[in-house]
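Asker: sequence? don't have it. structure:
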C-alpha cells in the first residue's frame with residue numbers, strides 16, 4: 001500500500017484555462033506515480049478572475065492578497081494540508097497567502113529554479129505578465145537560487161502582456177501571437193539567455209519546446225510535478 005496521500009489545496013481560476021492544465025497534470029502525475037486508479041486528492045477554490053485582474057491593473061495588491069487569503073483559509077478549514085497558487089503572477093502575494101492560511105505553500109519559482117539548475121542553466125529569459133517581468137518577487141526568488149534573469153524590451157513586454165490578458169486567459173490561441181512569442185524568445189536568446197522560463201501559466205498554451213532554440217521550462221508542469229511529489233511523500 002502506498003502512503004496516505006496528502007490533501008492539496010489549489011487556488012485557481014487565474015485563469016481557468018491554466019487551472020484546467022493544473023488539474024489534468026496533477027491527476028496524471030499521481031496516476032503515473034501510483035498506478036491503478038489513483039488520482040489526486042485536491043480541494044480547489046477557483047476565484048472570479050475578472051475581479052483579480054481589475055485589482056492587479058489598479059495596483060491594489062493588498063486587496064488581491066485578502067481575496068486569496070480568505071480562499072486559502074477556507075481550504076485549510078476544509079482539511080487541506082498544503083497549498084499551491086495556480087498562477088505565477090499572484091505569487092507576488094504568496095507570503096501573505098501562506099500566512100493567512102497557516103499552510104505550507106509550494107512556491108512556483110522554487111520548483112522552476114530546481115529544474116533550471118538541474119538542466120545546467122544559469123541565465124534564463126522570462127516570458128510572463130508585465131507584473132512578473134517588471135517586479136522583483138519572481139526574478140528575485142530565482143536569484144536566491146543563483147539564477148540570473150533577463151526580460152524582453154519594453155515594447156515586447158507590453159505585447160506579451162496584452163496577448164496573455166486579451167487572448168490566452170480567454171482560451172484564444174492565434175498563430176500571429178505565437179510568432180510574437182517566438183520572436184521575443186529569439187531576442188532573449190540573442191541577449192544571452194541559456195533557457196526560457198514560461199513564467200505565466202498560460203504561455204504553454206501558445207508555445208512549447210519546439211518554438212525556441214534553447215531549453216524551455218513550463219512552470220505549470222514543473223509546479224504540478226512538485227505538488228505531486230509533496231502529495232505522495234510520506235506524511236511527516
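Answerer: That came in fine, so what should we check first? This one's a predicted model, so the numbers in the text were calculated from it and none came from an experiment. Residues are numbered from 1 along each chain as shown.

Asker: which stretches in the protein count as strands?
Answerer: Counting by DSSP state E, residue ranges of the strands within the chain are 8-12, 42-46, 82-85, 123-127, 148-150, 195-198, 216-218.

Asker: let me have the ones you listed in CSV, adding mean neighbour count and distance to residue 159 as columns.
Answerer: For glycine as for every other residue, the C-beta is placed from the backbone atoms N, C-alpha and C. As requested, those are arranged in CSV below (neighbours: other CB atoms under 10 Å; distance: least, CB to CB, whole Å):
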stretch, mean neighbour count, distance to residue 159
strand 8-12, 25, 26
strand 42-46, 18, 28
strand 82-85, 25, 25
strand 123-127, 25, 11
strand 148-150, 17, 17
strand 195-198, 27, 16
strand 216-218, 22, 19
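
Asker: what's the closest of those strands to residue 233?
Answerer: With CB to CB, the closest approach to residue 233 among the strands of the chain belongs to strand 82-85: 10.3 Å.

Asker: which helices and strands sit right next to that closest one?
Answerer: Applying 3 or more CB pairs under 8 Å, 6 or more residues apart in numbering; DSSP states H and E, one finds that strand 82-85 contacts strand 8-12, helix 61-77, helix 94-101, helix 219-232.

Asker: please redo it, this time with the cut-off set to 6 Å
Answerer: When contacts are defined as 3 or more CB pairs under 6 Å, 6 or more residues apart in numbering; DSSP states H and E, strand 82-85 sits against strand 8-12.

Asker: what angle do the strand it packs on and helix 94-101 make?
Answerer: Here strand 8-12 points in a direction 130 degrees away from that of helix 94-101 (axes from the mean of the first three to the mean of the last three CA atoms, to 10 degrees).

Asker: who's in contact with strand 8-12?
Answerer: Residues outside strand 8-12 that contact it (CB atoms under 6 Å, 6 or more residues apart in numbering): 19, 42-46, 68, 71, 75, 80, 82-86, 227, 231.

Asker: now stretch 80-87
Answerer: Stretch 80-87 is touched from outside by 6-12, 14, 19, 22, 43, 72, 91, 101, 103-106, 201, 227, 230, with contacts defined as CB under 6 Å, 6+ apart.

Asker: quick check: ChimeraX command selecting the buried ones in those residues.
Answerer: Only the buried entries of those go into this ChimeraX selection, using 16 or more other CB atoms under 10 Å:
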select :6,7,8,9,10,11,12,14,19,22,43,72,91,101,103,105,106,201,227,230
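
Asker: the nearest residue in space to residue 225 that is not next to it in sequence: how many residues sit nearby?
Answerer: Using CB to CB, 6 or more residues apart in numbering and skipping residues adjacent in sequence, the residue nearest residue 225 is residue 29, 6.0 Å away. Look at residue 29: counted by other CB atoms under 10 Å, it has 20 neighbours.

Asker: what do you get for residue 58?
Answerer: With other CB under 10 Å as criterion, residue 58 counts 10.

Asker: just want the angle from the lengthiest helix in the chain to strand 42-46.
Answerer: Across the chain, the longest stretch assigned as helix under DSSP state H is helix 16-34. If you take the same axes, to 10 degrees, helix 16-34 sits at 170 degrees to strand 42-46.

Asker: identify each buried residue in helix 16-34, please.
Answerer: Neighbour count says helix 16-34 has 16-19, 21-23, 25-27, 29-30, 34 buried, by 16+ other CB under 10 Å.

Asker: let me see the mean pLDDT of it.
Answerer: Computed over helix 16-34, the mean pLDDT rounds to 96.

Asker: distance check, residue 171 against residue 45.
Answerer: Residue 171 sits 21 Å away from residue 45, going by CB to CB, to the nearest Å.

Asker: quick revisit: now, which of the buried residues of helix 16-34 sits nearest residue 136?
Answerer: Comparing the buried residues of helix 16-34 against residue 136 with CB to CB places residue 18 closest, at 22.8 Å.
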